[in-house]
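Enquirer: Provided below for reference: sequence and predicted model.
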Amino acid sequence: SETGIILSLITLGLDVAIYYYNRYPSKLFLSDVGSLSLGAAVGLVAILGHIEVPTMIAILPYIMNGFHSLVSIGKLFERHSLKERPTIVMEDGLIDSNPSPKAPLTLTRMILAERPLSEREIVKEMVKLTSFSSVLGVLTAFLCQVSL
């Protein structure tokens, strides 16, 4: 719908501005307030634009991340209450998956399952994954429009 397109473009403009300051190496840290606000904006666009299903497809990596973390810990948790971090920084600066079974299973930890990576490489992998799911979301939106 037109409302969804307008709200999507507004949110995209905000995201581009945030990306400018948050690209590697980041000069801006959004923290939970920024992340939750962006998530609320995406939810608002989905509901008011009547594009709930395509949005769910587009944000699937983040849904998976939350689900895996929740299941691996077994309860809702605050990041500060974790005894084990999902990743560890090695002496050479590379980031590796924490082998401890008590560490939460996160998307980053799964990306690092094969080998340690630099922060830049992890960001590239996340961008690839997010881009792929976003393309699938757009295709889903297109297919939903065609079927109507």
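Expert: Structure received.
Enquirer: When you work out contacts or count neighbours from here on, use the C-alpha atoms and nothing else.
Expert: OK.
Enquirer: give the contact list for the closest residue to Ile73 other than its chain neighbours.
Expert: Distance criterion CA to CA, 6 or more residues apart in numbering; nearest residue to Ile73, sequence neighbours excluded, is Pro104 at 5.9 Å. Counting by CA atoms under 8 Å, 6 or more residues apart in numbering, Pro104 makes contact with 68-70, 72-73, 84-86.
Enquirer: Please settle this for me: is Pro104 part of a helix?
Expert: No. Assigned with DSSP: H, G, I helix; E, B strand; the rest coil, Pro104 falls outside any helix and is coil.
Enquirer: Phi and psi next, for it.
Expert: phi -70, psi 150 (degrees, to the nearest 10).
Enquirer: all strands of this structure, in order?
Expert: All strands of the chain, identified by DSSP state E, fall at 87-89, 95-97.
Enquirer: any chance of these in JSON lines, with mean pLDDT, mean neighbour count and distance to Phe29 too?
Expert: Below are the strands of the chain laid out as JSON lines (pLDDT from 0 to 100; neighbours: other CA atoms under 10 Å; distance: least, CA to CA, whole Å):
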{"stretch": "strand 87-89", "mean pLDDT": "94", "mean neighbour count": "17", "distance to Phe29": "19"}
{"stretch": "strand 95-97", "mean pLDDT": "95", "mean neighbour count": "22", "distance to Phe29": "19"}
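Enquirer: Dump those to CSV, plus distance to Val138.
Expert: Compiled in CSV, these are given as follows (distance: least, CA to CA, whole Å):
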stretch, distance to Val138
strand 87-89, 32
strand 95-97, 32
